[in-house]
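# how does the following fold in three dimensions:
(one chain, ligands or ions: 2)
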Amino acid sequence: MFKGLVALVTGGSSGLGKATAELLVKQGGRVVICDLPSTKGQNTAKSLGENAVFAPVDVTSEDDVKEALQITLDKFGRLDALINCAGVASASRVYNFKKEQPFDLNIFQNTIQVNLIGTFNVIRLAVGLIGKNAPDADGQRGVVINTASVAAFDGQIGQAAYSASKAGVVGMTLPLARDMAKQGIRVVTIAPGLFRTPMMEQLPEPAIKSLEASVPFPSRLGHPQEFALLVQSIIQNPMLNGETIRLDGSLRMQP
Ligand SMILES: NC(=O)C1=CN([C@@H]2O[C@H](COP(=O)(O)OP(=O)(O)OC[C@H]3O[C@@H](n4cnc5c(N)ncnc54)[C@H](O)[C@@H]3O)[C@@H](O)[C@H]2O)C=CC1
Ligand SMILES: C[C@]12CCC(=O)C=C1CC[C@@H]1[C@@H]2C(=O)C[C@@]2(C)[C@H]1CC[C@]2(O)C(=O)C=O
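Ligands and ions are numbered 1, 2, ... in the order given. So this is what the prediction gives:
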């Protein structure tokens, strides 16, 4: 299905990104797995065989991303799809009235730095390479897929930083699509609900059970493979552009 397609997946050594890399390779694509050097990205790439390579990347670093694009060119010769999954979660109320302690500004800045600025950083550098592709019959050169969160719309208590970072990703989706319409590069964002990944597994199992109960249908955490299936569908469907798609079993997060 994806023979010849080259994709770069950030956060590709874990959770949603890893499932996406696995599916793309299974469907005949070639994948550059970008993640922090401290992760198991190298092992993930090895397990996928010669159609995958690991590039150690902090998405907030211009040099790291440029190096990853060079690896992409050297190994596979082109780039067709960028899938941004790298992200961090944080939880803290704006002010702790018992301890008389305001929100730690470093946490706010880091969450925005990775989730929003990091996503933009990779996009701004990677589309230069995607833009070099010859257009297909439709005029399309490639696609950018971002990961926001339902927290962009229904931010819970303690999620001011996380929700703001993800709302930023939603907010830039349409202008980025418009920026690159003439080049035939699409931009689509996925806003996942609750998925069983290492990020979610930080929570104790009773908390996970109660979160599952809050999802109308199917009343469970999503499987990372279900996220990957939507990535596959976005790549295949050229009419999807400039939009954020919720993938959440009709969940609306409570306060
Ligand atoms: N699991 C869930 O229920 C949901 C997840 N999301 C979002 O989906 C995305 C993927 O999350 P999961 O797979 O669940 O989490 P995860 O923690 O399993 O994977 C996130 C990956 O991002 C990488 N990463 C973090 N900071 C990075 C940086 N500066 N540079 C490069 N890589 C970095 C991590 O090393 C990790 O491999 C995140 O953006 C998250 O906010 C959104 C909604 C729900
Ligand atoms: C950061 C959270 C909440 C605090 C905690 O103890 C553990 C966490 C790890 C899983 C996170 C939690 C959160 O804030 C909401 C998200 C980020 C959750 C994983 C998915 C999550 O529900 C989300 O992105 C929702 O949109």
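# just the pLDDT for Gln113.
Per-residue pLDDT puts Gln113 at 98.
# for Ser92, same thing?
At Ser92, pLDDT is 96.
# before we move on, what about Ser13?
98.
# can you give me the strands for the stretch 51-200 of the chain?
For the stretch 51-200 of the chain, the strands defined by DSSP state E, counting those that start in this stretch cover 52-56, 81-84, 95-96, 101-102, 142-147, 185-192.
# any idea of the pLDDT on Gly17?
98.
# ok, it to ligand 1 distance?
6 Å (CB to the nearest ligand atom, to the nearest Å). (C-beta placed from N, C-alpha, C; glycine too.)
# pretty sure that residue is touching Leu8, no?
No - between Gly17 and Leu8 there is no contact, the gap being 10.5 Å when judged by CB atoms under 8 Å.
# so what sits against both of these two?
Ile83 (CB atoms under 8 Å, 6 or more residues apart in numbering).
# picking up where we left off before, Arg252: which of the strands of the stretch 51-200 of the chain is closest?
strand 185-192 (11.9 Å; CB to CB).
# which secondary structure elements does the closest one contact?
Packing partners of strand 185-192 (3 or more CB pairs under 8 Å, 6 or more residues apart in numbering; DSSP states H and E): helix 119-130, strand 142-147, helix 160-179, helix 224-236, strand 243-247.
# toward the C-terminus, what is the element adjacent to that strand?
helix 205-213 (DSSP states H and E).
# is that next one positioned near ligand 2?
No - shown here: helix 205-213 not in contact with ligand 2 (CB under 6 Å from any ligand atom), separated by at least 7.1 Å.
# please shift the residue numbers so they start at 23 in all later answers.
Sure, I'll start numbering at 23, so the last one becomes helix 227-235.
# what comes up buried for that helix?
Neighbour-count burial for helix 227-235, counted by 16 or more other CB atoms under 10 Å, picks out 230, 233-234.
# likewise for stretch 187-201?
Those buried within stretch 187-201 under the rule 16+ other CB under 10 Å are 187-192, 194-195, 198-199.
# ok, of those, which one's closest to Gly71?
Val191 (31.4 Å).
# and the closest one, what is it in contact with?
By CB under 8 Å, 6+ apart, the neighbours of Val191 are 137-138, 141, 168-170, 174, 211.
# also Asn128?
Per CB under 8 Å, 6+ apart, neighbours of Asn128: none.
# likewise Gln276?
176, 178, 236.
# roughly how far apart are it and ligand 2?
Relative to ligand 2, Gln276 is positioned 12 Å away (CB to the nearest ligand atom).
# just to be sure, that residue is in a strand?
No - counting by DSSP: H, G, I helix; E, B strand; the rest coil, Gln276 falls outside a strand, being coil.
# so Gly206 touches Ile152, yeah?
No - using CB under 8 Å, Gly206 is not in contact with Ile152; the gap is 9.4 Å.
# common neighbours of those two, please.
163-164.
# more crowded one of these two?
Ile152 (23 against 19; other CB atoms under 10 Å).
# pLDDT at the residue lying closest to that one once chain neighbours are set aside, what is it?
In space, and not counting its chain neighbours, Ile152 is closest to Gly164: 3.7 Å by CB to CB, 6 or more residues apart in numbering. Note for Gly164: predicted pLDDT of 98.
# Gly164 - how many residues pack around it?
What Gly164 shows, counting by other CB under 10 Å, is a neighbour count of 27.
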